[in-house]
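> The sequence and its predicted three-dimensional model are supplied below.
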Amino acid sequence: MQNHSVTKSKVYLKRIDDWTSSAAISEALLSVWQIMDGDRLIKKDDFLGIKLTFGEEGTCGYIKSDWLKGITASLRQKTENLFVIETNTLYREKRSNAVGHLHVAHAHGYGIGQLGIPIIIGDGLHGRNSQSIAIRAEHFENVKLAKTVCETDFLLCLSHVTGHCQTGMAAALKNLGMGCAARVGKLIQHSKTLPEVAAAKCIGCGECMKICPANAIGIKKKKAMLVKERCIGCGECAVICRSGGIEIKYDENVVNLQEKMVEYALGVKKALGSRLACLNLLYSVTKNCDCMSKGEKPIVSDIGILGSIDPVAIDKAAMDLIGKKTFSEIYPEIDLEVQIRHAEKIKLGLSDYELIEV
Ligand code: SF4
Ligand code: SF4
């Protein structure tokens, strides 16, 4: 059984030289899970969500569904209530609603007819199904997570480790913090300024006015009007508008964004009562994450698979194995250890780890 020691978390590493054989990768993932004694973390008939991202249309780095065959067969011994969980994107592409999202998932090999496991888009059709979780941290008192994430018994966070233009590195902490947030939670992390009405796109439907909790929106001459003095910046109007009539700015600075992201990850841990495990896949580590709709060349050689119950330790191990310099050369303005330091400060996990090669 994997345990936190007082000062260090255990992180398991299985090195993989050849990423061309799906059967070998599936076996390797399963072996990391087994050495973590992962099945013992699962209770009979748990509703177990495997959190991953299907990638944007046109990308090729996403985690392949064939790689999950071994681990899902093993998990099925404990529960048939297994599902893949993902949330809608904030930006308006196919994956910003559940229907488009399921089409992309299917094109990338996921779904009941392919992997044999259903997919649930955790924040619903338009990304509005959220649940508030109290965390009482530095940026947020409460975070708004995808509702289904909060209803899940156990979350297996499966992350393709890449670089990221706003957080430096994207791995378990990002998959949990940004990836488990409802759309409104993603907006609050990314934006520090109040939304604005884009009059040219507004069709005057009034949906934003109905949902606004601060009575800050009215309709004049068939256009939304936002009263800034009343607005509390909750972002609900931007999420409900289907016409692009509410503009948001991705203007949060890289330090605050990383800190907000790990506070959201803390929300996941609080919602699940620590019923969480992480697997980080260190292959095809590219400059950008799988939300880019294009293939990219890797920036380092492939490494292998990490496993831990500690999302902070596993990301620190990924950072150390890839080399902090690799990311800082690409993103010199981003100190990606901000996310690790803040995550440890808010007691999400430990940055100190014992690396155990299997
Ligand atoms: S901003 Fe969007 S939701 Fe609000 S009235 Fe205009 S179109 Fe409708
Ligand atoms: S951000 Fe929230 S408070 Fe501000 S106008 Fe939109 S819905 Fe209303």
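Arrived safely, thanks for sending. Predicted model only: the values in this text are computed from it and were never measured. Numbering: from 1, shown residues only. Ligands and ions are numbered 1, 2, ... in the order given.
> quick one, what contacts residue 194?
Residue 194 makes contacts with 226, 228, 231, 233, as judged by C-beta atoms under 8 Å, 6 or more residues apart in numbering. No exception for glycine: its C-beta is placed from N, CA and C like everyone else's.
> Quick one: classify it as helix, strand or coil.
coil (DSSP: H, G, I helix; E, B strand; the rest coil).
> how close does it sit to ligand 2?
6 Å (C-beta to the nearest ligand atom, to the nearest Å).
> Tell me the pLDDT of that residue.
Confidence at residue 194, expressed as pLDDT, is 89.
> Can I get the contacts of residue 194 in CSV including neighbour count?
Below are those laid out as CSV (neighbours: other C-beta atoms under 10 Å):
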residue, neighbour count
226, 18
228, 10
231, 18
233, 16
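> Would you map the helices across the stretch 201-350 of the chain?
In the stretch 201-350 of the chain, the segments counted as helices under DSSP state H, counting those that start in this stretch are 207-211, 236-240, 254-272, 311-322, 324-330, 337-345.
> Turn those helices into TSV, columns for mean neighbour count, mean pLDDT and distance to ligand 1.
Shown next, in TSV, are the helices of the stretch 201-350 of the chain (neighbours: other C-beta atoms under 10 Å; pLDDT from 0 to 100; distance: least, C-beta to the nearest ligand atom, whole Å):
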stretch	mean neighbour count	mean pLDDT	distance to ligand 1
helix 207-211	17	95	3
helix 236-240	24	87	6
helix 254-272	24	97	25
helix 311-322	25	97	36
helix 324-330	15	90	37
helix 337-345	21	97	33
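> Could you work out which of the ones you listed reaches nearest to ligand 2?
Distance to ligand 2, taken as C-beta to the nearest ligand atom, is lowest for helix 236-240 among the helices of the stretch 201-350 of the chain, at 3.2 Å.
> Three-state assignment for the residue of the stretch 1-150 of the chain at minimum distance from ligand 1, please.
Ligand 1 sits closest to residue 126 of the stretch 1-150 of the chain, with a gap of 11.7 Å, by C-beta to the nearest ligand atom. Judged by three-state DSSP, the three-state class of residue 126 is coil.
> Distance of the closest residue in space to it that isn't next to it in sequence relative to residue 141?
Excluding the flanking residues, the one nearest residue 126 by C-beta to C-beta, 6 or more residues apart in numbering is residue 97, at 5.5 Å. Per C-beta to C-beta, to the nearest Å, residue 97 is found 29 Å from residue 141.
> Who has more neighbours out of the two?
residue 97 (19 against 11; other C-beta atoms under 10 Å).
> Could I get the pLDDT score of that one?
Looking at residue 97, the pLDDT reads 90.
> Could you identify the helix or strand that succeeds the host helix or strand of residue 173?
According to DSSP states H and E, residue 173 maps onto helix 172-177. Moving toward the C-terminus from helix 172-177, the next helix or strand (DSSP H and E) is helix 183-190.
> re earlier: could you list every residue that touches the residue nearest to residue 126?
Going by C-beta under 8 Å, 6+ apart, the list of residues near residue 97 reads 88, 125, 126, 127.
> now those residues as JSON lines including distance to residue 332, neighbour count and pLDDT?
JSON lines is the format used below for the contacts of residue 97 (distance: C-beta to C-beta, whole Å; neighbours: other C-beta atoms under 10 Å; pLDDT from 0 to 100):
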{"residue": "88", "distance to residue 332": "32", "neighbour count": "27", "pLDDT": "92"}
{"residue": "125", "distance to residue 332": "40", "neighbour count": "12", "pLDDT": "92"}
{"residue": "126", "distance to residue 332": "38", "neighbour count": "16", "pLDDT": "88"}
{"residue": "127", "distance to residue 332": "33", "neighbour count": "28", "pLDDT": "88"}
